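**Student:** Need a 3D model of the following:
(chains A, B, C and D)
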Protein chains: 2
Amino acid sequence: MTPPRARSRRAADAGLSPSAVSALAGELRLACMRISRRVRFESPHVVAPHQFSVLCRLEEAPRTPSELAEIEKVSGPSMTRTVAALVERGLVARTDDPADRRQVILSLTPAATTVLKDIRRKRDAWMSVRVGHLTPAEQDVLRQASAILTRVANE
Amino acid sequence: MTPPRARSRRAADAGLSPSAVSALAGELRLACMRISRRVRFESPHVVAPHQFSVLCRLEEAPRTPSELAEIEKVSGPSMTRTVAALVERGLVARTDDPADRRQVILSLTPAATTVLKDIRRKRDAWMSVRVGHLTPAEQDVLRQASAILTRVANE
DNA sequence: TATTGTTATACTCTATAACTATA
DNA sequence: TATAGTTATAGAGTATAACAATA
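**Tutor:** Residues are numbered from 1 along each chain as shown, chains lettered A, B, ... in the order given. Coordinates of the predicted model:
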């Protein structure tokens, strides 16, 4: 009768109070925000955040400006601007779509792949140092938490 | 002989390979970023991010524009502008410093306290719903992880 | 006529440099 | 002369509206 509520019941069955859930949620949200903030501030900014985001999308697959604007929740003209800057920096390549000549296919250049790898390496480095200083038990907790948080974020 | 390295040794003793630490760090960093992003996008934007940040600083203690600019890593004029917007919205109060009349003391208004409470309540709500859907075991993992992550972020 | 993408224009947040008031 | 803060001006990023090219 209540298949959609199956997952909520699991927690409710243990009698975890709503206020305890709320407190945990608040702490966890803050912890994630602080980690993100630290990583962002400590890492060098080779490309701006919105540019980095676009590069990541193009890494998944070549896309049109419209698709990128839709995914990134920005206007068409904004994406035109962002893409133009990336093209000028030699990180994105434009190709005319032979099937529909109104469209443009955007893709990463080899230089962009190198840049992305470099950015991630540096970001991971900050976190690696700190995770490396934890006890094995703490690392194990984080390993499990990582999987749970990823699932929650992708819900 | 190696007291400063005591904490690093704890992990090293268990033989956790550098690449495993690196992989965990990368996953964790991404998970935290995604959670932050979702919370930010799903929550209504009553005040802009930089304004919210300033309100949080003033909640800790009244400060001068210079102090805020220093803490937030922005220029003086930028902070002047941000503060002016908050004053205009009735969220920040200006007081002349009687000891040094060049300075201005900024503090939160009662309205700001209400706004901050409201923002946090809504942000926690997004996270609460999701945490509430997890199993007690998963919630326990997150409770432990939350403490560890908070410590890491504040290091 | 509808769609893809760009250009035109304006608003916001950022910065550096120059200015005012106080110490 | 040095410091706290503001004003002046310019550079990014965002948006909406109007336009060009193609379907």
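**Student:** Just the element for the residue positioned nearest the centre of chain A, please.
**Tutor:** For chain A, residue A:53 is the residue whose C-alpha lies nearest the centre (C-alpha atoms, centre = their mean; 7.5 Å). Using DSSP states H and E, residue A:53 sits in helix A:49-60.
**Student:** So residue A:74 versus DNA strand C, what's the distance?
**Tutor:** Using C-beta to the nearest atom of the strand, to the nearest Å, we find residue A:74 at a distance of 11 Å from DNA strand C. Bear in mind the C-beta positions are built from the backbone N, C-alpha and C, glycine included.
**Student:** Mind listing residues that contact the top helix by length along chain A?
**Tutor:** Of all segments of type helix in chain A, defined using DSSP state H, the longest is helix A:18-42. The contact list for helix A:18-42 (C-beta atoms under 8 Å, 6 or more residues apart in numbering or on different chains) reads A:11, A:49, A:123, A:126-127, A:149, B:28-29, B:31-33, B:35-36, B:39, B:73, B:120, B:123-124, B:126-128, B:130-132, B:139, B:142-143, B:145-147, B:149-150, B:152-154.
**Student:** Pull out the buried members of the residues you listed.
**Tutor:** Applying 16 or more other C-beta atoms under 10 Å in any protein chain shown to the contacts of helix A:18-42, the neighbour count classes A:11, A:123, A:126-127, A:149, B:28-29, B:31-33, B:35-36, B:39, B:120, B:123-124, B:126-128, B:130-132, B:139, B:142-143, B:145-146, B:149-150, B:152-153 as buried.
**Student:** Give me every residue in chain A lying close to DNA strand D.
**Tutor:** Within chain A, the positions near DNA strand D by C-beta under 7 Å from any atom of the strand are A:48, A:50-51, A:73-78, A:81-82, A:85, A:100-102.
**Student:** And the residue nearest to residue A:153 when sequence neighbours are not counted, how close does it get to DNA strand C?
**Tutor:** In this structure, residue A:153 finds its nearest non-sequential neighbour in residue B:34, 3.5 Å apart by C-beta to C-beta, 6 or more residues apart in numbering or on different chains. Applying C-beta to the nearest atom of the strand, the value for residue B:34 to DNA strand C is 23 Å.
**Student:** quick one on the thing from earlier: relative to residue A:67, which of the residues of chain A next to DNA strand D is nearest.
**Tutor:** Taking C-beta to C-beta as the measure, residue A:67 lies nearest residue A:76 of those, at 10.9 Å.
**Student:** Correct me if wrong: that closest one contacts residue A:68.
**Tutor:** No - contact criterion C-beta atoms under 8 Å: residue A:76 and residue A:68 do not qualify, at 9.5 Å.
**Student:** Which residue of those two possesses the greater neighbour count?
**Tutor:** A side-by-side neighbour count of residue A:76 and residue A:68, using other C-beta atoms under 10 Å in any protein chain shown, places residue A:68 first with 22 against 12.
**Student:** pLDDT wise, what is that one at?
**Tutor:** What the model reports as pLDDT for residue A:68 is 97.
**Student:** Quick check: it is in a helix.
**Tutor:** Yes - Residue A:68 forms part of a helix when assessed by DSSP: H, G, I helix; E, B strand; the rest coil.
**Student:** hang on, the earlier thing: show me what contacts the closest residue to the residue nearest to the centre of chain A other than its chain neighbours?
**Tutor:** The shortest distance from residue A:53 to any residue other than its chain neighbours is 6.2 Å, reached at residue A:72 (C-beta to C-beta, 6+ apart). With contacts defined as C-beta under 8 Å, 6+ apart, residue A:72 is in contact with A:50, A:53-54, A:57, A:79.
**Student:** Are any of those residues buried, and if so which?
**Tutor:** A:53-54, A:57, A:79.
**Student:** need those in TSV with distance to residue B:107, can you?
**Tutor:** Formatted as TSV, the buried ones among the contacts of residue A:72 follow (distance: C-beta to C-beta, whole Å):
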residue	distance to residue B:107
A:53	36
A:54	40
A:57	43
A:79	41
